[in-house]
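**Student:** this is a predicted model, with the sequence first.
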Amino acid sequence: MSNLPFTLPTCEQPATTRVELFSTDPAGAGDSLDACVYTCEQHDSDAVTAAWSADMNAYRVVMAPGVERACGESYVFPTGNLGGAK
Ligand SMILES: [Zn+2]
């Protein structure tokens, strides 16, 4: 179900970090916010490393209050490169 170009850890623990994933544009037109993934403390660096290996930039952000996700869940933005907008 995931359109991500890499595999995420899926341990199903409550996520503590949201990782924003940006694909880079070689033409320099700016990076595209393509997806976010949710990870627990144990797996956030795994998710970032996996993103780097797929030539994406990854930035950790805190979870919004009241948002509950499991480690390994992801969301692909329809407006980003992975969502097929371009
Ligand atoms: Zn985890």
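**Tutor:** In hand now; what should we look at? Numbers count the residues shown, from 1 in each chain.

**Student:** nearest spatial neighbour of residue 7, skipping sequence neighbours?
**Tutor:** Once flanking residues are discounted, residue 7 sits nearest to residue 50: 6.7 Å by CB to CB, 6 or more residues apart in numbering. Any C-beta I mention is one placed from the backbone N, CA and C, and that applies to glycine too.

**Student:** how many other residues sit next to that neighbour?
**Tutor:** Number of residues near residue 50 (other CB atoms under 10 Å) recorded here: 21.

**Student:** how about the helices of this structure, start to end?
**Tutor:** 44-53 (DSSP state H).

**Student:** for it, which spans come out with low pLDDT?
**Tutor:** Residues of the chain that meet the criterion pLDDT under 70 lie in 1-2, 85-86.

**Student:** what lies in contact with stretch 23-36?
**Tutor:** Stretch 23-36 is contacted from outside by 3-4, 18-22, 55-57, 74-77, 79-83, 86, using CB atoms under 8 Å, 6 or more residues apart in numbering.

**Student:** before we move on, the earlier item: so what's the residue nearest to residue 7 up against?
**Tutor:** Counting by CB under 8 Å, 6+ apart, residue 50 makes contact with 6-8.

**Student:** neighbour-wise, give me the winner out of those.
**Tutor:** Each of the contacts of residue 50 was scored for neighbours by other CB under 10 Å, and residue 8 scores highest at 20 neighbours.

**Student:** ok, now which ones touch that residue?
**Tutor:** Contacts for residue 8 (CB under 8 Å, 6+ apart) come out as 2, 37, 39, 43, 46-47, 50, 72, 74.

**Student:** skipping adjacent residues, who's closest to it in space?
**Tutor:** residue 72 is the one closest to residue 8 (CB to CB, 6+ apart), at 4.9 Å.

**Student:** so what's the one you found up against?
**Tutor:** Counting by CB under 8 Å, 6+ apart, residue 72 has contacts 8-12, 37-39, 43.

**Student:** ok, which residues in this structure are in contact with the ion?
**Tutor:** Within reach of the ion by CB under 5 Å from the ion, the chain has these residues: 11, 13, 40, 42-43, 71.

**Student:** much appreciated, bye for now.
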